[in-house]
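**Student:** Below are the sequence and a predicted model; questions follow.
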Amino acid sequence: MKKIDPIKLEVIRHAFIAAAEEMKTNLMRTAYNPVIYEVLDFSCGIFDNKCRMIAQADGLPIFLGNLSAAIKTVVEDIGINNFKEGDLYLINDPYKTGTHVNDVTTVVPIFENNKIIGYCSTRAHWLDIGSKDPGGSIDTTDVVQEGLWLRSVQLYDSYKLNKSIWRIIENNVRYQKNMIGDLRSQISSSRTGEKRLQEIFKQHGHSLTNLAIEKMIQQGKKRAKIAVKNMPNGVYKAKVCLDNDVVTNNPVVTNVKVTINDTKFIVDVSGSGGANKGPLNCCYPSTLAACRIAFKCLTAPDVPVTEGDFYPLELIAPKGTMYNVEYPSPMYMYGSILIMLVDSIIKSLSKALPNKVIAGHYGNLAGVTIVGSDLETDEMYIHQEPEVGGWGAGKNSDGENALIFHCDGDTKNIPAEVIESRFPLLLVKHELRQDSGGKGKFRGGLGIIRDYKILEDKVHLTSMMDRKLCPPWGLFGGGDALHCELTVRTNEKKYKKYMKKMRLPVTKDSVISITTGGGGGWGNSYKRDVELVRKDVVNGYISLQSSLKDYGVAINHKSFEINQIKTKKIRKKKKFN
């Protein structure tokens, strides 16, 4: 490969990243729905003319790991010689993009001097895409029930809008104003990426820019190869499960086998279950994306990503398994099993890479969908967001409190001010969930409690809680964490707990309480520094009961001083037992 000045390389690299970040900013600032402009349930990427990722904005890793699959599908369907400048395509085919039909992807072929120089793409979660239930259905049994299905649909032909396609989309969603507004935002973002990539090639020239792209990808390959070479060779296994697939009561089991052999990092999920009857399924592109997330976490998580960063990674996922399903298997809750897969891969390598692996995190969508009507306009509203939880502890550190699960990267909760101004809902509590983290020498992170009061009638709730059968695990003697659950309290002071539930009617003045899980602990909890235990009690992270029972530390309930004599006696007795 020809040499390139390292300064010029970094200038071009960061120009690509800046272009992707500007795409993100434009989409976020012009979107209609809080799930995009607050939760950030979208992603933007820049790709070369070989459909290889060369830059991404901070966003959902699970999207960015398979956007290239969407672009490749459009190229294969349309034919590279049939593209024209100004074209824009839509695709949400779950069997090709890997996610569910609510995730709509734009693909724009980018020209400069009448040559395709690359592609840009956005993917955003649509709150409604015409499924059998507003906001999406967690109990679907085939993909057709999940909404409008688009594959390589040309929305713009040389910058000219296809109004017929527009009308088809507009008339097949319930939440029209908001959904069409989000589509316009994606189009605007895509045009931003198109313009910026053209400017980069024009400013630096085709030869130098393409050389920089190749060098970036080669650097990624080199990083990844060195990282794998430094891992201990062997075969590593892990088994994790979810409670059920909603439609049946059968546990959803992931068996993962990771083989490392100097040059390859091979993930084999063929031991996992077959296609589930309910929508906890996904296709090969998203399974590969989950493997990429785990691989990047274990190799070079702090370096900008390109396609080259996954060079040693191979995936074995036979067709017909839940990680490579075929038509008509449903996939609305694909994210649940992908979170489980990332956790499984990391768990399998806990003994091989103890310095890089953390205990299990809450690993759950913990999502809620609240559908009702606006008090003043009587128009439908859809409030939907995943919730944060606790992450697992590591060899030398406590787990983080209240972070989103790894597959969703930069996703955030919606602030109370936005919720209360947009929907007839009142956020009455938002706090850390005491004692939810697993005990250990290093404590697991905490989940949260988030309570909504319903201010009107005719409201339906969908709950996506899980991990009751397989709570977030501890490592090397650390304790498991609490799992997620949801409680509905009525104004008659009655309450009932739920895990997964579809379209549950909720009456006015009821309170929906979401409690998310924590992260697993690391190491023997009786070896935790007593002063750290005291600080946890003072901060409200653990209770006085937990400090005594789980950590063997006796603390005065008034002064919060440690009873050193009693503590030494308890810990000494535990040691010899």
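**Tutor:** The structure has been received and is ready for your questions. Numbering: from 1, shown residues only.
**Student:** my read: I542 touches V533, true?
**Tutor:** Yes: at 7.4 Å, I542 and V533 qualify as touching, with contact defined as CB atoms under 8 Å. For every residue, glycine as well, the C-beta is placed using N, CA and C.
**Student:** Per-residue confidence at D93, what does it come out as?
**Tutor:** At D93, the pLDDT value in this model is 96.
**Student:** and what of P301?
**Tutor:** Looking at P301, its pLDDT reads 89.
**Student:** Need the overlap of contacts for I542 and V533.
**Tutor:** Common neighbours of I542 and V533 (criterion: CB atoms under 8 Å, 6 or more residues apart in numbering): Y551.
**Student:** Is the closest residue to S513 other than its chain neighbours bridged to anything, and to what?
**Tutor:** The spatial neighbour of S513 that comes closest, neighbours along the chain excluded (CB to CB, 6 or more residues apart in numbering), is T487 at 4.3 Å. Per DSSP bridges, the residues bridged to T487 are K497, S513.
**Student:** Just list the residues touching T487, thanks.
**Tutor:** Remark: with contacts taken as CB under 8 Å, 6+ apart, T487 is in contact with Y495, K496, K497, Y498, I512, S513, T515.
**Student:** what about the closest residue to the fifth one other than its chain neighbours, is that helix, strand or coil?
**Tutor:** Counting by CB to CB, 6+ apart, Y452 is the residue found nearest to I512 once chain neighbours are left out, at 4.6 Å. Using DSSP: H, G, I helix; E, B strand; the rest coil, the structure places Y452 in strand.
**Student:** can you count the residues close to Y452?
**Tutor:** By other CB atoms under 10 Å, 25 other residues sit near Y452.
**Student:** need the contact list for it.
**Tutor:** The neighbours of Y452, taking CB under 8 Å, 6+ apart as the test, are I370, I419, L425, L426, L427, V428, V511, I512, I514.
**Student:** Likewise for R123?
**Tutor:** Residues counted as contacts of R123 (CB under 8 Å, 6+ apart) are F42, S43, F63, L67, A70, T97, T99, D103, V104, T105, T106.
**Student:** my read: the last one touches T97, true?
**Tutor:** No: here T106 lies out of contact with T97, judged by CB under 8 Å, at a distance of 11.7 Å.
**Student:** quick revisit: quick one, which of the contacts of T487 are buried?
**Tutor:** Using 16 or more other CB atoms under 10 Å as the burial test, the contacts of T487 include I512, S513, T515 as buried.
**Student:** How about residues contacting the helix or strand hosting E420?
**Tutor:** Take DSSP states H and E as the rule and E420 turns out to sit in helix 416-422. With contact meaning CB under 8 Å, 6+ apart, helix 416-422 is reached by P34, E38, Y381, H383, L425, L426, L427, H430, Y452.
**Student:** Show me how to select, in PyMOL, the buried members of these.
**Tutor:** PyMOL command restricting the contacts of helix 416-422 to the buried ones, with burial defined by 16+ other CB under 10 Å:
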select buried, resi 34+38+381+383+425+427+452
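**Student:** So which of the contacts of helix 416-422 are in helices?
**Tutor:** Secondary structure assignment by DSSP state H places P34 of the contacts of helix 416-422 in helices.
**Student:** For the contacts of helix 416-422, work out which two are farthest apart.
**Tutor:** The distance between the two most remote of the contacts of helix 416-422 (CB to CB) is 20.2 Å, for Y381 and H430.
**Student:** all helices for this structure, in order.
**Tutor:** With DSSP H as the criterion, the chain has helices at 6-30, 34-37, 61-64, 67-78, 94-97, 163-170, 176-204, 206-229, 284-299, 334-348, 416-422, 530-539, 544-549, 564-576.
**Student:** Of all those, which one comes closest to I116?
**Tutor:** In this view, the helices of the chain are compared for proximity to I116 by CB to CB, and helix 67-78 is the closest at 9.5 Å.
**Student:** Quick one: list the elements packing against the closest one.
**Tutor:** Contact analysis of helix 67-78 by 3 or more CB pairs under 8 Å, 6 or more residues apart in numbering; DSSP states H and E lists strand 42-48, strand 88-91, helix 94-97, strand 103-112, strand 115-125, helix 284-299 as its packing neighbours.
**Student:** returning to that earlier point: output the contacts of helix 416-422 in a markdown table, with distance to L183 and pLDDT appended to each entry.
**Tutor:** Rendered in a markdown table, the data for the contacts of helix 416-422 read as follows (distance: CB to CB, whole Å; pLDDT from 0 to 100):
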| residue | distance to L183 | pLDDT |
| --- | --- | --- |
| P34 | 16 | 95 |
| E38 | 18 | 94 |
| Y381 | 19 | 93 |
| H383 | 20 | 95 |
| L425 | 26 | 96 |
| L426 | 31 | 97 |
| L427 | 29 | 97 |
| H430 | 32 | 97 |
| Y452 | 28 | 96 |
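**Student:** how close does the residue lying closest to R151 once chain neighbours are set aside get to A224?
**Tutor:** Leaving aside its chain neighbours, R151 sits nearest to D93 (4.1 Å; criterion: CB to CB, 6+ apart). Relative to A224, D93 is positioned 29 Å away (CB to CB, to the nearest Å).
**Student:** repeat for Y452
**Tutor:** From Y452 to A224 the distance is 44 Å (CB to CB).
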